[in-house]
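Engineer: sequence isn't available, so here's the structure alone:
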């Protein structure tokens, strides 16, 4: 997954989800930053009915450990 290169789509509920490019036909993670920037919602393409809610601190900690993430 690349956190820098994503496609974006606003679903009918008004939430804008971000997706890694090049994986639409494969299982992939969708990510949505909630208004106010306090929460990040995560869901897999294989089960859009289930959403995990992380704090922005949890997301930044996870994203900072991904390969290619910028170091401090």
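Structural biologist: Sure, I can see it. This is a predicted model, so every value here is computed, not measured. Numbering: from 1, shown residues only.

Engineer: give me the beta-bridge partners of the residue nearest to the spatial centre of the chain?
Structural biologist: Compute the mean C-alpha point of the chain, and by C-alpha atoms, centre = their mean the closest residue is residue 31, 1.9 Å away. Here residue 31 sits in beta bridges with residue 18, residue 42, going by DSSP bridges.

Engineer: that one contacts residue 16, doesn't it?
Structural biologist: No - judged on C-beta atoms under 8 Å, residue 31 makes no contact with residue 16 at a distance of 10.0 Å. Every residue, glycine included, has its C-beta placed from N, CA and C.

Engineer: the strands in the chain, which residues?
Structural biologist: Assigned by DSSP state E, the strands in the chain fall at 6-10, 16-20, 29-33, 39-44, 47-55.

Engineer: make TSV out of those and add distance to residue 66.
Structural biologist: What follows is the strands of the chain, written out as TSV (distance: least, C-beta to C-beta, whole Å):
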stretch	distance to residue 66
strand 6-10	13
strand 16-20	11
strand 29-33	11
strand 39-44	13
strand 47-55	14
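
Engineer: related to what we said a few turns ago, which residues touch the residue nearest to the centre of the chain?
Structural biologist: By C-beta atoms under 8 Å, 6 or more residues apart in numbering, the contact set of residue 31 is 6, 17, 18, 19, 40, 41, 42, 59.
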